[in-house]
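In: take this sequence and fold it.
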Amino acid sequence: MQALTRTALVGTANMGGDVATIAAVDELLPAGTPEQRLLWQAGGLAVYSAAGMLPGQAALQPPAEADPVPEIPGTLTSITAACIAGELGGLADWLAARTARANRRLPHALLPAVFAKPATFDLWWPVMGRRGHWLATQHPDWRTMLAAKQAPTEDEASLKRIWEEGGMPARVRALTALRNRDAAQARELLAAVLPKEKAEQRQAFVAVLLHGLSADDEAMLEGLLDDRSQAVRQAVADLLLRLPKSALSQRMVARADACLRWQPVAAPSGTVAKLASFLGKRAEPVLELDVPNELPKDWERDGIVVNPPYGEGPRAFWLRQLVSAIPPAHWSARAAATPAATLDLMAAQEWAETLLAGCVAATCRFGDADWAEPMLQRALAEPKLLLQHQEPLFQVVREESRIELLCRQLIEGNLHVARRCLDSMAAPWPKVVAQTIVKALAKREPDEVVQHYEVTNLVQLTLLRVHDADLATLAPLIDIYARQLAAGLTDKIRNLDRARDIVTLAQARQTIIKEMPL
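Out: This next block holds a predicted model:
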């Protein structure tokens, strides 16, 4: 075969005649041009070489174990297949979670569809059953997908081996497991390898210290503030700020107090004091700001970023980062005022936008519910100033206040604001939210409900998030879409598609609740 290849490369015109291969093959070649005979020789030799070869031997794989977990009801197979295919407007997340809660699994016939899409696999693998896990072992890609979702073994030696030899995601999972077992040991393992790792890896590994974070980690983290990567220094600073007594936290408070100075107003006396008391007036402190013109080097070491984003001045950027590092309660204590009154004083400053943005970040970082409510009220009242902060604040505010503020936005018709806040509200939603949504949308004309894209999105989200028992509350809204669908107006195809999606989603969820109760 090598001689044939050489002839093909050199060219038959440059060779003296036919290449000699196997005599029995060469004798059977018919007459023809040198090129034809070369091709016939190659083909004949290939057939000759393969003749009589035995097929490879493959070991029969052991069958999958019987699964004690029952399948979902057969009536739900088509709905589940549609969800796996990405249809039914986001019902897949709810159905996968419900399947697990009901202690059911996917039918065997749907497993290949789950393996076909990694994103789908992420959602459905907990309910694949034993057959799904067995099937994953038959394909290297599927085996990798399954291994990525399974927790590392609890064996300490295996975890250390993964930490030393595994890929990046596996190492992070192993370090997390070791950290949960023995925080000090995991810290020592991390300290030993950090100098050898790249910045991205160092940042990911440092983030693992959030698990079981304590004052014992401060010495190591303080040293990492000298890391050459800004991203790593910021990650380290964020962890140290979660330790109120850390040296970094104390340094940040001292810097903030030097920049934001609360000057108490001299108390009035005599007739003025009596008049102020009669009118219910009180002396309020004056806030003075003194922001450095150049960023001190020690600030940069402690995680303050030097260069601001486009459109923001450097001094404002530094001040915003500094304020975001201080627990908001510190400011109301310094001002001797309520959080709402303290915010009013900040809002009256020239640097109001910077101060409020920093306070929002701090409120979310430290989970201060006392500050979250007045801050959220201000964010809703001044959306141009604090629009991007509405969603994170909704996560911090107390539940009763969150629901009250949300329902107010719905009744006032601020659907865009309400939708942003509802996105971050965990399911199932309280019944009063579903009732308020129905009440708010009932004020609109039926055509407007179906035609308005944002309204339809809100209805779809509500169908997915309300409690099972509250699904009937949405019947008036579903009826609007059903009537539009029944009318079948051909000049509103897009509206018909929206109506069909809503009605189908409602029917699918009702069927699932009926066929697979919890």
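In: quick one: the helices in the stretch 101-250 of the chain?
Out: Here the stretch 101-250 of the chain has its helices, by DSSP state H, counting those that start in this stretch, at 111-116, 118-124, 129-136, 140-149, 156-165, 168-181, 183-193, 199-207, 218-224, 230-241, 247-259.
In: state the mean pLDDT of the longest one.
Out: Right, helix 168-181. The pLDDT scores in helix 168-181 average 91.
In: please apply the same query to the first one.
Out: For helix 111-116, the mean per-residue pLDDT is 89.
In: what's the answer for stretch 292-299, then?
Out: 92.
In: what comes up buried for it?
Out: Leu295, Trp299 (16 or more other CB atoms under 10 Å). C-beta here means a position set from N, CA and C on the backbone, and glycine is covered the same way.
In: can I get it in PDB, CA atoms only?
Out: C-alpha atoms of stretch 292-299 as PDB (Å, rounded to 0.1, in the frame of the first residue of the first chain):
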ATOM      1  CA  PRO A 292     -10.000  62.900  48.100                       C
ATOM      2  CA  ASN A 293      -8.900  64.300  44.700                       C
ATOM      3  CA  GLU A 294      -6.600  61.300  44.200                       C
ATOM      4  CA  LEU A 295      -7.200  57.700  45.300                       C
ATOM      5  CA  PRO A 296      -4.900  56.800  48.100                       C
ATOM      6  CA  LYS A 297      -2.800  53.600  47.500                       C
ATOM      7  CA  ASP A 298      -4.100  51.900  50.600                       C
ATOM      8  CA  TRP A 299      -7.700  52.400  49.300                       C
END
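In: before we move on, back to that, confidence-wise, which of the helices of the stretch 101-250 of the chain is weakest overall?
Out: helix 140-149 (a mean of 79).
In: between that helix and helix 168-181, how many degrees?
Out: 30 degrees (axes from the mean of the first three to the mean of the last three CA atoms, to 10 degrees).
In: what angle sits between helix 140-149 and helix 129-136?
Out: 130 degrees.
In: chain center to helix 140-149, what's the gap?
Out: 21 Å (CA atoms, centre = their mean, to the nearest Å).
In: so what does that helix touch, helix or strand wise?
Out: Secondary-structure packing of helix 140-149 (3 or more CB pairs under 8 Å, 6 or more residues apart in numbering; DSSP states H and E): helix 118-124, helix 129-136.
In: which stretch among those approaches Leu471 most closely?
Out: Closest approach to Leu471 among the helices and strands packed on helix 140-149 (CB to CB): helix 118-124, 22.1 Å.
In: which of the residues in the closest one are buried?
Out: So helix 118-124, judged by 16+ other CB under 10 Å, has buried residues Thr120, Phe121, Leu123, Trp124.
In: how near is the residue nearest the centre of the chain to Arg465?
Out: With distances taken as CA atoms, centre = their mean, Ser424 lies nearest the centre of the chain, 11.8 Å away. Relative to Arg465, Ser424 is positioned 11 Å away (CB to CB, to the nearest Å).
In: on that earlier part again, got the helices of the stretch 101-250 of the chain as TSV, with distance to Arg419 columns?
Out: Formatted as TSV, the helices of the stretch 101-250 of the chain follow (distance: least, CB to CB, whole Å):
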stretch	distance to Arg419
helix 111-116	31
helix 118-124	23
helix 129-136	36
helix 140-149	32
helix 156-165	43
helix 168-181	34
helix 183-193	41
helix 199-207	31
helix 218-224	39
helix 230-241	30
helix 247-259	35
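In: Ala20 is nearest to which of the ones you listed?
Out: helix 140-149 (43.8 Å).
In: show me this structure divided up by domain.
Out: Domain ranges of the chain: 2-45, 74-147, 156-243, 251-263+285-397, 427-518, per automatic domain parsing.
In: endpoint to endpoint, stretch 117-134 covers what distance?
Out: Using CA to CA, to the nearest Å, the end-to-end distance of stretch 117-134 comes to 18 Å.
In: A strand includes Arg261, no?
Out: Yes - judged by DSSP: H, G, I helix; E, B strand; the rest coil, Arg261 forms part of a strand.
In: report pLDDT for it.
Out: With respect to pLDDT, Arg261 has a value of 89.
In: in contact with it, which residues?
Out: Shown in contact with Arg261 (CB atoms under 8 Å, 6 or more residues apart in numbering): Leu287, Glu288, Leu289, Asp290.
In: and the strands in the protein?
Out: 260-263, 286-289 (DSSP state E).
In: just the ones you listed: most buried one?
Out: Neighbour counts (mean count of other CB atoms under 10 Å) averaged over each of the strands of the chain peak at strand 260-263, with a mean of 16.
In: which secondary structure element of the chain has the lowest mean pLDDT?
Out: The least trusted helix or strand in the chain, going by mean pLDDT, DSSP states H and E, turns out to be helix 270-278, with a mean of 49.
In: hang on, the earlier thing: out of the helices and strands packed on helix 140-149, flag the one nearest Ala499.
Out: Checked against CB to CB, the stretch from the helices and strands packed on helix 140-149 lying closest is helix 118-124, at 27.0 Å.
In: show me what that closest one is packed up against.
Out: By 3+ CB pairs under 8 Å, 6+ apart, helix 118-124 packs against helix 91-101, helix 111-116, helix 140-149.
In: turn those helices into a markdown table, columns for mean neighbour count.
Out: Converted to a markdown table, the helices and strands packed on helix 118-124 look like this (neighbours: other CB atoms under 10 Å):
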| stretch | mean neighbour count |
| --- | --- |
| helix 91-101 | 18 |
| helix 111-116 | 17 |
| helix 140-149 | 14 |
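In: so which of the ones you listed gets nearest Gln234?
Out: helix 140-149 (27.5 Å).
In: alpha carbons of that closest one, in PDB - could you do that?
Out: Below are the C-alpha coordinates for helix 140-149, written out as PDB (Å, rounded to 0.1, in the frame of the first residue of the first chain):
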ATOM      1  CA  PRO A 140     -18.800   9.600  27.100                       C
ATOM      2  CA  ASP A 141     -20.500  13.000  26.600                       C
ATOM      3  CA  TRP A 142     -23.500  12.000  28.700                       C
ATOM      4  CA  ARG A 143     -21.200  10.500  31.300                       C
ATOM      5  CA  THR A 144     -19.400  13.900  31.600                       C
ATOM      6  CA  MET A 145     -22.700  15.700  31.800                       C
ATOM      7  CA  LEU A 146     -23.900  13.600  34.700                       C
ATOM      8  CA  ALA A 147     -20.600  13.700  36.500                       C
ATOM      9  CA  ALA A 148     -20.700  17.500  36.500                       C
ATOM     10  CA  LYS A 149     -24.000  17.400  38.300                       C
END
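In: can you list the residues that contact it?
Out: In contact with helix 140-149 (CB under 8 Å, 6+ apart) are residues Phe115, Pro118, Phe121, Asp122, Trp125, His133, Leu135, Ala136, Thr137, Pro169, Ala170.
In: as JSON lines, these with distance to Pro428 would be great.
Out: Below are the contacts of helix 140-149 laid out as JSON lines (distance: CB to CB, whole Å):
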{"residue": "Phe115", "distance to Pro428": "31"}
{"residue": "Pro118", "distance to Pro428": "29"}
{"residue": "Phe121", "distance to Pro428": "26"}
{"residue": "Asp122", "distance to Pro428": "23"}
{"residue": "Trp125", "distance to Pro428": "24"}
{"residue": "His133", "distance to Pro428": "30"}
{"residue": "Leu135", "distance to Pro428": "33"}
{"residue": "Ala136", "distance to Pro428": "32"}
{"residue": "Thr137", "distance to Pro428": "37"}
{"residue": "Pro169", "distance to Pro428": "32"}
{"residue": "Ala170", "distance to Pro428": "35"}
